[in-house]
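>>> Sharing a model that was predicted from the sequence below.
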Amino acid sequence: MKTSLFFILITSAFLLNSSCMYAKQLLCGKGTTLPIIQNALDNAEPGDTILVRSGHYKQGNLFIKKSLMLLGEKNVILDGENKHEIITVTANQVCIKGFTIINSGVMSTKDLAGIKILACRNIVLENNIVINCNFGIYLSNTKHCLLRENTVKGNVIKDPNTGNGIHVWKADSIQIIKNESTGQRDGIYFEFVTNSTIINNFSHENLRYGLHFMFSHSNTYTHNQFTKNGAGVAVMYSHHVKMYHNSFDHNWGSSAYGILLKDISDSEVMYNKFEYNSAGIYMEGSNRIKMEQNSFYNNGWALRIQASCTDNFINRNNFTGNTFDVSTNGETQLNNFSNNYWDKYEGYDLNKDGFGDIPYRPVSLFSMIIEQLPPSLLLIRSFMVYLLDKAEKIIPSLTPIHLMDELPQMRMIKFKETKKSLSSTLPYLYYQPKLNIQYLKT
Amino acid sequence: MFTPNTNSPHRIESFPALSLQGDEENITLRKTTSTRMSAKETKAGKKYLMLRLLKYVLLDILKNRMVIFYALFLFVISTGLFSISGDPTKGIASLLNVILLVTPLLSIIFATIYFYNSYEFIELLSSQPIQRKTILYSQYAGLTISLLLSLLTGLGIPLLIFAPTYESLILLLAACGLTMAFVSLALLSALLTRDKARGIGLSILLWFYFTILYDAFLLMIMFAFMDYPMETVTLVMVALNPIDLARVVVLMQLDISALMGYTGAMMQEILGKSQGVFAATFVMMLWIILPLTIAAGKFKRRDL
């Protein structure tokens, strides 16, 4: 046993050593023998490492067609001069680290991006800053990629036709960790992406959605924050989606949602926070979703659940300070509400078991009226509306009678403290390339 | 008709400005300008008279404990609401509900009752060479100022302590506007009927109409014409009710408009900005001035 272990150790050490021995390191860029980066990329053998000296490069489009490691020193700026795409990767096993990529071109026939990965696998993008590009990071037909600690910053005010921050199309097993995306059309965009993990990203102030995915099954989203996006987060036509510990806040607007669930099934929405959204969750055609231990705080509507939703379990959530707790547009009710805390609950608890003795009906008459007649929201907080709601509470006749929480909590549920972010669990932090703003064409 | 009472300000002796010989200024005026007084001086004299009358009305109302109770009530309610909800914005929102209900009701009923109670005093004043308009306006000003004073102390101080923001300023202004408009409506309803009970009944009816019935009608109309674009119409209809106007203006500041979809966006466009507040102020001014002018006309032509 001991000898075999020793043998394995020796061989692995040898293997590691050998891989280092054969891989070359190339230095290119300003003040070196290879001032043109593309030449270095062409000269390198697969497995080589290319280090780019700091400087401001206007060298058009870089094509990476071999398995390479491309590293930037501090302040390496690749400038597309508003004409070109900047880095295009078409080879497997490529790592790009520490670049600042600015000013890609815009084309109506082609999606130009800061970094584009086309039909390959095992790509690592780390510590890059992409600024003022049409698409930030664009992955197409790829597998097994890692995007970590990148920043994408668009200029949506200048260019309303901007693309998405992190755009992934037809991919599998992608990990997107600790990135920031802002000022783009969609912060993170997924289409036909499966088995991927999206952790600890911050997507804010995008023109449309903070996160937008369609036909993307079996993905996990945890510890992300989506703030102040034009229309919040929209997820559609997917199943087996897991969303944990995310925070959706300040998505205010006439058609903004914390999260829009459209045709989502067999999914879990748990431990999330919804704060200051026009609608915390808007559900349409969604089935078998487990919603637990979320907190809905100060939203316009905490939950808008359309009649096309069935078999959803909404348990143990906190609903506090929302203008409307739940609204729906139909009479039938096929979802299960139980053990939630509602701050508007006025019941009592005689047997002191912590649950109210009379059921709570979270749908008010006024919210039903609004579903049919949106302009009537003008009468919100009118005394007449208050009277209507009270009358309906006493004798429910127009609101869906079966939509109720049979066992509402008497006290606010205290959730277990969850880790605020995963930054502590990330193995290491690279140096953060500093940005020299004067290079930016504004 | 009039029983002398040593404590009452209604005694003739306590109105030197009203007695024909007692006022020194009047005498000097007469001396300097012989028989014909210039327009300017008449105006100044009228203003002086109005201030004098206002002083007595105001002192009389402030002796009435009702106003003090009103201020205390507002103070307790607003401090209580702010202490319960830690968030000042939420405090303002819940305070709005109370204000919209209480301020109009108290203003209109208090003003009506006070007007009927001081009817004899008004009759006495009418026997003096004072314009009817001056009498009514001084009554109005006295009522409004006393109610506004209690509003400012009862509501203004807690707002200043707990939420010194732009929103609370708007809320306070809305409350002031409502007070002024409903005192004006109260005088109108008091002058529409001679009978005290009917007058008070009318003012309660007015309050009921503006608080509940109007919104119910609005909802009915919205439902009836739901297939048509109703945004402009509803906006106009909101302006036709001072309570609705105050409510919508304050809510627009509280960022609730985002819930309202297209209507909210339009409302925000029109009412959310400072010009919108000015426009709303203008409409509210109409609500103050129009009933008062009609009431003044009624009072002028009235056979006392």
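Structure received.
>>> which residues touch stretch A:60-72?
By CB atoms under 8 Å, 6 or more residues apart in numbering or on different chains, the surrounding residues in contact with stretch A:60-72 are A:37-38, A:41, A:44-52, A:54, A:78, A:80, A:83-100, A:433. Backbone N, C-alpha and C define where each C-beta goes, glycine included.
>>> quick one, helices of the stretch 301-442 of chain A?
Secondary structure of the stretch 301-442 of chain A by DSSP state H, counting those that start in this stretch: the helices cover A:365-372, A:383-394.
>>> cool, and the stretch 201-304 of chain B?
Using DSSP H, counting those that start in this stretch, the helices of the stretch 201-304 of chain B run over residues B:214-224, B:231-239, B:242-253, B:261-267, B:274-301.
>>> Run through the neighbouring helices and strands of the host helix or strand of B:Phe121.
Using DSSP states H and E, B:Phe121 maps to helix B:119-126. The elements that helix B:119-126 packs onto, with contact taken as 3 or more CB pairs under 8 Å, 6 or more residues apart in numbering or on different chains; DSSP states H and E, are helix B:132-151.
>>> Which of the contacts of stretch A:60-72 are buried, as a ChimeraX select command?
Applying 16 or more other CB atoms under 10 Å in any protein chain shown to the contacts of stretch A:60-72, the buried members can be selected in ChimeraX as follows:
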select /A:37,41,44,48,50,51,52,54,78,80,84,85,86,87,88,89,91,92,93,94,95,96,97,98,99,100,433
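>>> Mind checking which of the contacts of stretch A:60-72 are in strands?
Using DSSP state E, the subset of the contacts of stretch A:60-72 located in strands is A:49-52, A:78, A:87-89, A:94-97, A:100.
>>> nearest to A:Phe192, of those residues?
Among these, A:Val89 lies closest to A:Phe192 (CB to CB), at 19.4 Å.
>>> ok, residues contacting stretch A:345-364?
Stretch A:345-364 is contacted from outside by A:303, A:319, A:324-328, A:337, A:339, A:342, A:344, A:389, A:392-393, A:396, A:399-401, A:403-411, using CB under 8 Å, 6+ apart.
>>> Among the residues you listed, which are located in strands?
Judged by DSSP E, the contacts of stretch A:345-364 include A:303, A:319, A:324-327, A:337, A:342 as members of strands.
>>> Could you pull up the contacting residues of the spatially most central residue of chain B?
In chain B, the centroid-proximal residue (CA atoms, centre = their mean) is B:Met180; its distance is 1.7 Å. Residues near B:Met180 by CB under 8 Å, 6+ apart: B:144, B:148, B:284, B:288.
>>> who does the longest helix that chain B contains touch, helix- and strand-wise?
Across chain B, the longest stretch assigned as helix under DSSP state H is helix B:88-117. With contacts defined as 3+ CB pairs under 8 Å, 6+ apart, helix B:88-117 has these neighbours: helix A:383-394, helix B:65-84, helix B:132-151, helix B:157-162, helix B:166-192, helix B:196-208, helix B:242-253.
>>> need the helix or strand of chain B with the lowest average pLDDT.
For chain B, the helix or strand with the lowest mean confidence is helix B:24-33, at a mean of 44 (criterion: mean pLDDT, DSSP states H and E).
>>> which stretches of chain A aren't confidently modelled?
The model of chain A has pLDDT under 70 over residues A:1-22, A:417-442.
>>> Tell me where the longest strand sits in it.
Longest strand in chain A by number of residues (criterion: DSSP E): strand A:135-148.
>>> ok, it: who's next to it in the sheet?
Here strand A:135-148 has these sheet partners by DSSP bridges: strand A:113-118 (parallel), strand A:121-126 (parallel), strand A:166-177 (parallel).
>>> Show me which positions of that strand end up buried.
Within strand A:135-148, the residues scored as buried using 16+ other CB under 10 Å are A:135-140, A:142-148.
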